[in-house]
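J.: model this:
(one chain, ligands or ions: 1)
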Amino acid sequence: MAFYISPRVFGRLDGYKIFVDAGHGGDNLGTTGYHGIFAPEDNVFEKEINIEIAWELYYLLVQAGAIVKMSRSSNDQFVANVERGLEANRFNADIFVSIHNNATDEPAVVGTEVLYPPNRAGSERLAIIMSEYLAIKLQTENRGAKLRDNLAVLNSTDMVSVLCECNFLTNPRWEEKMMSFNYQKYAAEGIFLAIRRFLRGG
Ligand SMILES: [Zn+2]
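T.: Next up, the predicted model:
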């Protein structure tokens, strides 16, 4: 006989409403991968990685009992940034999480960072927790939580809000990893564990 605590019982999120925003979409491609600089036909677009992570997160949250709304459900769909936040407000979400991947001119730069807006109680704490969990799950550098007051998607919400930059698509090694299901799954798990820790303390 096995004694087994179901993950569906432990750390349930029943009743919590989570708005999951997959960054970019449609003509808004987001950043582009390192290899595409040399071979445009091989280009990887950030919007494609973001939606995969978002769907993985969606399933984890729904399994835990949360009520989840996505800002977009496919790669072809364009949604303006402000509209994403307003939709989360109409949904009356407890948490708004926007999923992105990062870019910089320096290909060697790697790591996770989580951005949060000013004047949104709890956002800094969630950002700190989320950057820790993402860095552990992805086994990468934790660049920490960063206050940003100029992001339309975060400024249009009225609940706890964060924007995670899971890793750098401009780093060739991470660009490869990001295309794998494992990367997408681990990123989603890191975000999920952070949300659960924030809401349930467990
Ligand atoms: Zn982005």
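J.: hmm, who's touching the lowest-mean-pLDDT helix or strand in the chain?
T.: For the chain, using mean pLDDT, DSSP states H and E, the weakest element among its helices and strands is helix 172-178, scoring a mean of 92. Contacts of helix 172-178 from elsewhere in the structure, counted by Cβ atoms under 8 Å, 6 or more residues apart in numbering, are 33-35, 44, 49, 101, 107, 110, 140, 166-169, 183-184. Where you see a C-beta, it was placed from the backbone N, CA and C, and this is true even at glycine.
J.: again, only this time at 7 Å
T.: Applying Cβ atoms under 7 Å, 6 or more residues apart in numbering, the set of residues contacting helix 172-178 from outside is Gly33, Tyr34, His35, Val44, Ile49, Asn101, Pro107, Val110, Asn167, Phe168, Leu169, Tyr183.
J.: equivalent analysis for stretch 157-165, please.
T.: Stretch 157-165 is contacted by residues 85, 88-89, 93-102, 112-117, 120, 122-123, 126-127, 130, 134, 151, 153-154, 191 when judged by Cβ under 7 Å, 6+ apart.
J.: again, only using 6 Å
T.: Contacting residues not belonging to stretch 157-165 are listed as 85, 88-89, 93, 95-98, 100, 102, 113-117, 120, 122-123, 126-127, 130, 154 [Cβ atoms under 6 Å, 6 or more residues apart in numbering].
J.: can you check stretch 146-156 too?
T.: Residues outside stretch 146-156 that contact it (Cβ under 6 Å, 6+ apart): Asn81, Val82, Arg84, Gly85, Leu86, Ser98, Glu113, Leu115, Pro117, Pro118, Ser161, Leu163.
J.: and stretch 130-143, how far out from the chain middle?
T.: On the basis of Cα atoms, centre = their mean, to the nearest Å, stretch 130-143 is displaced by 12 Å from the centre of the chain it belongs to.
J.: give the buried residues for it.
T.: Taking 16 or more other Cβ atoms under 10 Å as the neighbour-count basis, stretch 130-143 is seen to contain the buried residues Met130, Ser131, Glu132, Tyr133, Leu134, Ala135, Lys137, Leu138, Thr140, Asn142, Arg143.
J.: buried ones from the contacts of helix 172-178, can you make that a PyMOL selection?
T.: Selecting in PyMOL just the buried members of those, where the criterion is 16+ other Cβ under 10 Å, is done with this command:
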select buried, resi 33+34+35+44+49+101+110+167+168+169+183
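J.: find the closest residue to the ion in this protein.
T.: Ranked by Cβ to the ion, the top residue of the chain for proximity to the ion is His100, at 3.4 Å.
J.: residue contacts, the most centrally placed residue in the chain?
T.: For the chain, the residue nearest the mean C-alpha position is Ile99 (2.8 Å; Cα atoms, centre = their mean). Listed by Cβ under 6 Å, 6+ apart, the contact partners of Ile99 are Ala22, Gly23, Asn50, Ile53, Ala54.
J.: pick out the most distant pair among those residues.
T.: When the contacts of Ile99 are compared pair by pair using Cβ to Cβ, the farthest-apart members prove to be Gly23 and Ile53, with a separation of 9.6 Å.
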